[in-house]
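1. My questions are about this predicted structure, shown below with the sequence.
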Amino acid sequence: MPHRLLTNNRAWATAKKAADPGFFTRLAKQQNPRYMWIGCADSRVPANEITGLDPGEVFVHRNVANLVVHSDLNALSTVQFAVEHLKVQHIFVVGHYGCAGVRAALHGLRIGLADNWLRHVQDVRLRHRRRLEHLSPAQQEDVLCEMNVIEQVGNVALSTVIQDAWGRGQAVAVHGWVYGLQDGLLKDLDVTMERREDVVAKFGAAIKRYPRGPEGAAAGDAADSSFGPGVL
């Protein structure tokens, strides 16, 4: 019931003030996070808790399947605010294994209006199908979760917000992580992009860690290696 949440809130606020009397006073004065988290809306992935950060230390944007789409003004406006006004230094795109959105896109499951949104994940699946089709169903889900994060890191890096920030010399890095629901651990996908020149090379190196199946390798399949302004 909702009243239980209010009771929990009062207990949390009381405990917080007892442990750190000045916490809420400091928090109310300013928002000055170094980090931005772009994650899935899944309720099992709380950004602050799993990184050991307090409120005010991480700026958060969440949506189904942690997508960053160039036509999504909600996400891009949030990134712009974080970069240009809050001056965040690190942006983390964080997916998670067992993502229902990724699973639906992989298997063509209908879930409703969100099917249109998840077409972006289906595009990732189709683009890299030769790196997925030879895997077991469980492996396909995990790898597509990782590939989706890598693609979204590239989308953030290619956005006008980040391109402009790098152009004026602002230090901001874009990272890709995946969270494990079963062990609570974050995995770094080693796709960090810190300047314009990084984007295509970092993306290519990250995707090529997932080998094609024998048929895809023989065919070359250039279709699954295209990204952004260039070809890997």
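-> Alright, I've got the coordinates.
2. now for the helix or strand where residue 166 lies, which elements pack on it?
-> Per DSSP states H and E: residue 166 is located in helix 160-167. Secondary-structure packing of helix 160-167 (3 or more Cβ pairs under 8 Å, 6 or more residues apart in numbering; DSSP states H and E): helix 73-80. From N, CA and C alone the C-beta is placed, and that goes for glycine too.
3. How about the helix it packs on, which residues are buried there?
-> 75-76, 78-80 (16 or more other Cβ atoms under 10 Å).
4. Check the model's average confidence along the next helix or strand along the chain from that helix for me.
-> Note on helix 73-80: by DSSP H and E, the next helix or strand toward the C-terminus is strand 90-96. Taken as a whole, strand 90-96 has an average pLDDT of 98.
5. Surely residue 162 is in contact with residue 173?
-> No: contact criterion Cβ atoms under 8 Å: residue 162 and residue 173 do not qualify, at 9.7 Å.
6. Return the residues in contact with residue 64.
-> 40-41, 101, 114, 117-118 (Cβ atoms under 8 Å, 6 or more residues apart in numbering).
7. Number of residues surrounding the residue lying closest to residue 131 once chain neighbours are set aside?
-> In this structure, residue 131 finds its nearest non-sequential neighbour in residue 210, 4.3 Å apart by Cβ to Cβ, 6 or more residues apart in numbering. Residues near residue 210, counting by other Cβ atoms under 10 Å, number 18.
8. So residue 210 belongs to a strand, correct?
-> No: counting by DSSP: H, G, I helix; E, B strand; the rest coil, residue 210 is not found in a strand; it is coil.
9. which residues in the protein form strands?
-> 35-40, 58-63, 90-96, 173-179, 186-188, 226-227, 230-231 (DSSP state E).
10. Residue 145 is nearest to which of those?
-> Residue 145 sits nearest to strand 90-96 of all those, at 4.9 Å, using Cβ to Cβ.
11. by contact count, what packs against that closest one?
-> Secondary elements touching strand 90-96 (3+ Cβ pairs under 8 Å, 6+ apart): strand 35-40, helix 137-158, strand 173-179.
12. Cool, thanks, signing off.
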